[in-house]
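**Q** no sequence on this one, just coordinates:
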Ligand code: PLP
């Protein structure tokens, strides 16, 4: 029997033996059940989940309505044919529901398997529609790990081993009006995170976002906003771009889009999306993109988000975290709704605190481009009592 508190030793052994490992130090928890804002390991230990599967579980783990929608769809059909041939009602219903929540020009949804595939599809769409090759992205941005998405990732350390990547990509300073002149008539698209998450939660100025929109219009370049991490109420409004008074030409969604199931999407105007239908046809092909079970789950999750008004409490919960997370070792707390970066002086300090938190039943981690910052992005259903308990554990862990 197991004497290993992190899980069943056999499963743990097989995890390291047969599963490809990319993390140098995987957390290695064996979760056997998840519910709302909590995870439970094999020993029945509860963890308050402060990361929500990395901004995925906005409506909580296994919301009953999401689980019901999955069950109902499983009883009807699973995969029937590659994307875009059959009329699959879960896809149609979900695309229509998304269009109802978006500005009129974002009315046509291409469902993918993941966020990275949404990024790939959007870049292809922009190059084809504009008949241009230039792509502009921003330093310290993350858009996925496939080769196209990696090409626009804003950090050479993570890209370098995989060169050559896409040509004609330029990385500009985020939130710098002065660098926008580099968007020219050669630029097919500019792709930006509405709020830079992996930089450790960096919100740009409204003036910059408006100037970016204006410059794209002047140069005839498409503006792609990546809300894979900040969509679906994480910032206290349904879509991040609503705070900036602009609308992108293409919107990227993923993570919370599937309600806990794998789903991504790029969304544009029908007239633009038409580009993928002709010259050549099948401009983007996916077998499983828009899987009916994932779309059914995603639609149920969106309905929960809207009907239970989950975005309404986000700002108050954000303030509660801010009030509680005060300690001399915490150098800054950057927030945008329930996307929160707690900054420590070094990765080593952060890692020590994170490990102590996990041992004490609070799950958190760090950011890709800000390893000295602790990530807090809990399910939006987290309660005030859970926030208070989690923050007490964080403060206690700093001292441990
Ligand atoms: N874009 C952003 C802003 C992300 O945070 C992520 C994933 O973390 C992606 C794109 C890629 O999504 P996926 O991991 O589903 O490919």
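**A** Happy to help now that I have it. These numbers were taken from a predicted model, which means no experiment stands behind them.
**Q** ok, the residue nearest the centre of the chain - contacts?
**A** By Cα atoms, centre = their mean, the chain has its centre lying nearest to residue 229, at 2.4 Å. Contacts for residue 229 (Cβ atoms under 8 Å, 6 or more residues apart in numbering) come out as 54, 55, 193, 195, 197, 255, 339, 377. Using the backbone N, CA and C atoms, a C-beta is placed for each residue, glycine as well.
**Q** Doesn't it lie inside a helix?
**A** No: assessed with DSSP: H, G, I helix; E, B strand; the rest coil, residue 229 is coil; it does not lie in a helix.
**Q** Could you check how far it is from the ligand?
**A** 4 Å (Cβ to the nearest ligand atom, to the nearest Å).
**Q** go on, residue 120?
**A** Distance from residue 120 to the ligand, by Cβ to the nearest ligand atom: 9 Å.
**Q** need the helices for the chain, in chain order.
**A** 9-18, 52-55, 64-74, 89-101, 115-130, 147-151, 156-159, 206-219, 270-273, 292-307, 314-324, 347-359, 384-399 (DSSP state H).
**Q** In TSV, list those along with mean pLDDT.
**A** Shown next, in TSV, are the helices of the chain (pLDDT from 0 to 100):
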stretch	mean pLDDT
helix 9-18	90
helix 52-55	97
helix 64-74	98
helix 89-101	98
helix 115-130	98
helix 147-151	98
helix 156-159	96
helix 206-219	98
helix 270-273	98
helix 292-307	98
helix 314-324	98
helix 347-359	98
helix 384-399	97
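**Q** Turn those into JSON lines, columns for distance to residue 372 and mean neighbour count.
**A** Shown next, in JSON lines, are the helices of the chain (distance: least, Cβ to Cβ, whole Å; neighbours: other Cβ atoms under 10 Å):
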{"stretch": "helix 9-18", "distance to residue 372": "28", "mean neighbour count": "11"}
{"stretch": "helix 52-55", "distance to residue 372": "18", "mean neighbour count": "20"}
{"stretch": "helix 64-74", "distance to residue 372": "35", "mean neighbour count": "17"}
{"stretch": "helix 89-101", "distance to residue 372": "36", "mean neighbour count": "17"}
{"stretch": "helix 115-130", "distance to residue 372": "25", "mean neighbour count": "24"}
{"stretch": "helix 147-151", "distance to residue 372": "23", "mean neighbour count": "20"}
{"stretch": "helix 156-159", "distance to residue 372": "15", "mean neighbour count": "12"}
{"stretch": "helix 206-219", "distance to residue 372": "25", "mean neighbour count": "17"}
{"stretch": "helix 270-273", "distance to residue 372": "40", "mean neighbour count": "15"}
{"stretch": "helix 292-307", "distance to residue 372": "32", "mean neighbour count": "23"}
{"stretch": "helix 314-324", "distance to residue 372": "18", "mean neighbour count": "16"}
{"stretch": "helix 347-359", "distance to residue 372": "5", "mean neighbour count": "18"}
{"stretch": "helix 384-399", "distance to residue 372": "13", "mean neighbour count": "17"}
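**Q** can I get those helices in CSV with distance to residue 262?
**A** What follows is those, written out as CSV (distance: least, Cβ to Cβ, whole Å):
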stretch, distance to residue 262
helix 9-18, 20
helix 52-55, 11
helix 64-74, 12
helix 89-101, 14
helix 115-130, 10
helix 147-151, 16
helix 156-159, 22
helix 206-219, 29
helix 270-273, 22
helix 292-307, 6
helix 314-324, 24
helix 347-359, 25
helix 384-399, 27
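**Q** Compare those and give me the one nearest residue 373.
**A** Evaluated over these, closeness to residue 373 peaks at helix 347-359, with 6.7 Å, by Cβ to Cβ.
**Q** Need the contact partners of that closest one.
**A** 27, 29, 47, 329, 344, 363-366, 371-374, 393-394, 396-398, 400.
**Q** Can you turn the buried part of those into a ChimeraX selection?
**A** Selecting only the buried members of the contacts of helix 347-359 in ChimeraX, with burial defined as 16 or more other Cβ atoms under 10 Å, works like this:
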select :29,47,344,363,364,365,366,371,372,373,374,393,394,397,398
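**Q** Go through the contacts of helix 347-359 and flag which are in strands.
**A** With DSSP state E as the criterion, strands contain 47, 363, 365, 366, 371, 372, 373, 374 from among the contacts of helix 347-359.
**Q** need those in TSV with distance to the ligand, can you?
**A** Formatted as TSV, the ones in strands among the contacts of helix 347-359 follow (distance: Cβ to the nearest ligand atom, whole Å):
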residue	distance to the ligand
47	21
363	17
365	12
366	13
371	15
372	19
373	15
374	17
